[in-house]
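J.: Build me a structure from this.
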Amino acid sequence: MTHPLAAAGDLPSLGLVPGWLTTAAHWWGPHGLLVAVREHVAYTAIAVLAAALIALPLGLLIGHTGRGIVVVAGLANAVRAVPAFGLLLLFVVTLSPKIHYTHEVTWLVGRGGVPYLIPVLIVLVVLAIPAILTNTYAGVQNVDPAVRDAAEGMGMTGSQVLLRVELPIALPLIISGIRSAVLQVIATATIAAYLPFLGGLGYLIFNGLQQITDPQLGYPAMISAAIVVALLAVVADLVLLGVQRLVVPRGVSGRFAVGAVRLSDALEVAPAES
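T.: Below is the predicted model of the structure:
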């Protein structure tokens, strides 16, 4: 069977991709890679921040009280199964016509783009919530009951136990959930460019798909944008991993414990050698 793109001509060679990425003209301009990366990062940051503001308090409450876990787990799994593109089209059809704010939002979207940006952000927030929510309540639930009892025995209130004991211990799992959410949103945010007035790295992909045989705007641009999306995801994950190492107490992460074990081994070996 002949490939449907063959009728329009052969695809440009993948060998054009390095040259495309290293051409300065492709990085600058209104639809250059720098602008696309900035928009992509902005969409991701807003969506993950909004998702965290919703999921973190709810996850901490559920993990601390143990109530509603079955319902929330079921809803989280159901949301993961929702097709993002179909959900986006649903919101565009039902919500966009009701948004009449058409002014430009500096560094985020041009004039007329807000009615389309809001449905995109809602979809990205919905996709980001499950990973943060489930990891948060799982992290709090996994706290050793003896640690809770000790904290309560010291006279701590329920909120103090949650914020001073359970939250620090749960931080590794919580940040892991945020990392998963960021990776998913970075990958999914490419669908934003399917709508008018919006950009991001998806613009080069959708625009290239329409003129795929063009050696400058088609196939090489699509592959280059996909590579940048992957690199952006790797960089974001490494940054969050660094944040995790900074904010998670050494005793919780195990780094302090490893050092203590090595020190105790050294103290045991020293008398034997003397």
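
J.: Can you show me the helices along the stretch 151-274 of the chain?
T.: In the stretch 151-274 of the chain, the helices defined using DSSP state H, counting those that start in this stretch lie at 158-161, 167-188, 202-210, 219-247, 250-253, 255-273.

J.: Out of the ones you listed, indicate the one that is most buried.
T.: Per-stretch averages of neighbours, counted by mean count of other CB atoms under 10 Å, single out helix 167-188 among the helices of the stretch 151-274 of the chain, with a mean of 21. C-beta: built from backbone N, CA, C; applies to glycine.

J.: Just give me how far it sits from the chain centre.
T.: 7 Å (CA atoms, centre = their mean, to the nearest Å).

J.: Give the other helices and strands that it contacts.
T.: helix 33-65, helix 114-141, helix 219-247, helix 250-253 (3 or more CB pairs under 8 Å, 6 or more residues apart in numbering; DSSP states H and E).

J.: Quick one: the helices of the stretch 151-274 of the chain as JSON lines, columns for distance to residue 63 and mean pLDDT too.
T.: Below are the helices of the stretch 151-274 of the chain laid out as JSON lines (distance: least, CB to CB, whole Å; pLDDT from 0 to 100):
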{"stretch": "helix 158-161", "distance to residue 63": "12", "mean pLDDT": "85"}
{"stretch": "helix 167-188", "distance to residue 63": "7", "mean pLDDT": "94"}
{"stretch": "helix 202-210", "distance to residue 63": "35", "mean pLDDT": "84"}
{"stretch": "helix 219-247", "distance to residue 63": "18", "mean pLDDT": "92"}
{"stretch": "helix 250-253", "distance to residue 63": "16", "mean pLDDT": "69"}
{"stretch": "helix 255-273", "distance to residue 63": "23", "mean pLDDT": "42"}
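
J.: I'd assumed residue 42 was in contact with residue 108.
T.: Yes - between residue 108 and residue 42 there is a contact under CB atoms under 8 Å: 5.4 Å.

J.: how about residue 198, what does it touch?
T.: 39, 109, 113, 116, 117, 120, 192 (CB atoms under 8 Å, 6 or more residues apart in numbering).

J.: How much space separates it from residue 141?
T.: 39 Å (CB to CB, to the nearest Å).

J.: quick one: which helix or strand includes residue 77?
T.: helix 69-80 (DSSP states H and E).

J.: center of this structure - which residue?
T.: residue 182 (0.9 Å; CA atoms, centre = their mean).

J.: closest to residue 10 out of the helices of the stretch 151-274 of the chain?
T.: The closest of these to residue 10 is helix 219-247. By CB to CB, the value is 9.8 Å.

J.: between that closest one and helix 33-65, how many degrees?
T.: 40 degrees (axes from the mean of the first three to the mean of the last three CA atoms, to 10 degrees).
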